[in-house]
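**Q** need coordinates for the following:
(one chain, ligands or ions: 1)
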Amino acid sequence: MKPSLEQKVWMYEHMLVSRYYEQAIEKIYLEGKSPVFNMAKGTIPGEMHLSNGQEPCAVGVCAHLHDYDIITATHRPHHQAIAKGVDLKRMTAEIFGKKSGLSGGRGGHMHLFDPAVNFSCSGIIGQGMGPAVGAALSRKLQNKPGVAISYIGDAASNQGAFHESLNLAAVWKLPVVFVVEDNAWGISVAKETSMSVTHNAVRAQSYGIPGVFVPGNDPVAIFEAAGEAITRARNGEGPSLLDLETYRLAGHFMGDGEDYRPAGEKAALAEKDPILVFEQTLLNEKVITPDENEQMKKAALSRVEEAVEFARSSDYAPAEEAMDFVFV
Ligand SMILES: Cc1ncc(C[n+]2csc(CCOP(=O)(O)OP(=O)(O)O)c2C)c(N)n1
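**A** So this is what the prediction gives:
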């Protein structure tokens with residue numbers, strides 16, 4: 001299943017928004033955190049995991065989805081949320097901890113939740129797999145449309161939840177697609193040192209479900225593999241796993257010194273920046289003209305600026321509401 005020209009443009013536009021978003025968040029995150037770096041201080045308190053480089057994994061899958069399809073995303077969720085259509089203004093306000101945020105500022109960047117487009121994520125890695133299987137089961141039992149996508153990182157796949165979820169989804173032939181964003185690192189741990197089988201596509205086969213490895217961090221290749229897996233799920237043929245080779249262009253979180261990276265890895269990755277590669281492809285294929293490219297960049301940037309402006313001008317919840325929804 002090849003993407004149409006419109007789908008290619010859609011993917012590029014959403015990759016641009018993701019990248020500009022992360023660039024904006026990176027700058028804002030540092031506000032209030034100097035001269036001493038204190039994670040709890042500043043405009044955006046708490047940890048921050050940026051997804052620069054991993055955009056193809058979000059757009060290649062989400063280009064096939066409707067609002068009623070479900071995503072359980074990772075602790076590195078911004079690109080996935082943007083591609084699924086989460087309200088960017090309320091998402092940004094959530095990250096800032098403001099009352100106008102998706103969860104009134106209580107969740108922060110790792111706990112974005114937007115029921116309007118069936119999107120959730122969690123700071124507990126692999127946590128979304130069980131709920132994705134449950135969501136797929138409910139859709140099957142209720143005979144309702146909707147496929148569940150469970151995003152995880154490669155390191156999360158070493159947990160029990162991964163193996164239990166694959167097994168149950170396979171036994172019950174559920175409409176769920178497990179999507180592994182394999183950036184080769186679990187914080188500072190290289191996957192070769194923590195996985196006996198380093199390709200999750202191979203692991204999937206041991207549960208009797210198709211596992212497809214997609215090399216190259218290429219949105220079009222991901223679109224094609226995702227199209228097959230999602231069609232299979234929608235047709236009642238059961239789960240699949242997509243094992244997507246991708247690259248984390250930045251550190252694990254902001255403040256990561258990245259001393260564990262082999263010399264030269266970062267520079268080599270920057271040369272393979274998927275946005276620059278896809279931009280060049282679309283220009284060469286004449287899918288977009290240089291003028292249209294500039295317009296798209298401007299439009300993406302202004303979406304991000306509007307979201308940031310909305311978050312900045314929003315209020316914090318009053319202190320007396322701090323204990324609301326807290327079970328003590
Ligand atoms: C259950 C659990 N164990 C440990 C952690 C701490 N932790 C946060 S991110 C992370 C590594 C995640 O690596 P991966 O799943 O490959 O995703 P990536 O960060 O590379 O996108 C770990 C161990 C956690 N959040 N949850």
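**Q** what about the residue of the stretch 151-300 of the chain found nearest the ligand, distance to residue 127?
**A** Taking Cβ to the nearest ligand atom as the measure, the point where the stretch 151-300 of the chain comes nearest the ligand is residue 153, at 2.1 Å. C-betas here are computed from N, CA, C, even on glycine. Shown here: residue 153 relative to residue 127, a distance of 12 Å by Cβ to Cβ, to the nearest Å.
**Q** more neighbours: those two, which one.
**A** residue 153 (25 against 19; other Cβ atoms under 10 Å).
**Q** how about the more buried one, phi and psi?
**A** When read as degrees, to the nearest 10, the backbone of residue 153 gives phi -90, psi 170.
**Q** you'd agree residue 105 is up against residue 316?
**A** Yes: using Cβ atoms under 8 Å, residue 105 is in contact with residue 316, at 6.8 Å.
**Q** these two: who's more crowded?
**A** When residue 105 and residue 316 are compared for neighbours, residue 105 comes out ahead with 21 against 13, by other Cβ under 10 Å.
**Q** does that one count as helix, strand or coil?
**A** coil (DSSP: H, G, I helix; E, B strand; the rest coil).
**Q** test for you: state the pLDDT assigned to it.
**A** In the predicted model, residue 105 carries a pLDDT score of 96.
**Q** who's in contact with it?
**A** Contact analysis of residue 105 by Cβ atoms under 8 Å, 6 or more residues apart in numbering lists 93-94, 96-99, 316-317.
**Q** per-residue confidence for residue 326?
**A** We have a pLDDT of 89 for residue 326.
**Q** what's the local residue count around it?
**A** Number of residues near residue 326 (other Cβ under 10 Å) recorded here: 7.
**Q** could you single out the nearest of the contacts of residue 105 to the ligand?
**A** Nearest to the ligand, judged by Cβ to the nearest ligand atom, of the contacts of residue 105 is residue 94 at 18.7 Å.
**Q** wouldn't that closest one be in contact with residue 103 here?
**A** Yes: counting by Cβ under 8 Å, residue 103 is a contact partner of residue 94 at 6.0 Å.
**Q** shared neighbours of those two, anything?
**A** When contacts are counted by Cβ under 8 Å, 6+ apart, the set common to residue 94 and residue 103 consists of residue 112.
**Q** need the contact list for the residue of the stretch 151-300 of the chain closest to the ligand.
**A** Going by Cβ under 8 Å, 6+ apart, residue 153 touches 74, 76, 125, 180-183, 186.
**Q** how does it look with 6 Å?
**A** With contact taken as Cβ atoms under 6 Å, 6 or more residues apart in numbering, residue 153 is in contact with 74, 181.
**Q** separation between it and residue 42?
**A** In terms of Cβ to Cβ, residue 153 sits 26 Å off from residue 42.
**Q** next one: residue 255
**A** 12 Å.
**Q** in stretch 283-300, what counts as buried?
**A** By 16 or more other Cβ atoms under 10 Å, the buried positions in stretch 283-300 come out as 287-288, 293, 296-297, 300.
**Q** please apply the same query to stretch 119-129.
**A** Applying 16+ other Cβ under 10 Å to stretch 119-129 flags 119-123, 125-129 as buried.
**Q** again with stretch 195-213
**A** Result for stretch 195-213 [16+ other Cβ under 10 Å]: buried residues 195, 198-201, 203-204, 207, 209-213.
**Q** tell me where the chain has strands.
**A** Using DSSP state E, the strands of the chain run over 70-73, 113-114, 119-121, 148-153, 176-182, 185-186, 189-190, 211-214, 240-245.
**Q** run me through the strand neighbours of the last one, direction for each.
**A** Sheet partners assigned to strand 240-245 using DSSP bridges are listed as strand 176-182 (parallel), strand 211-214 (parallel).
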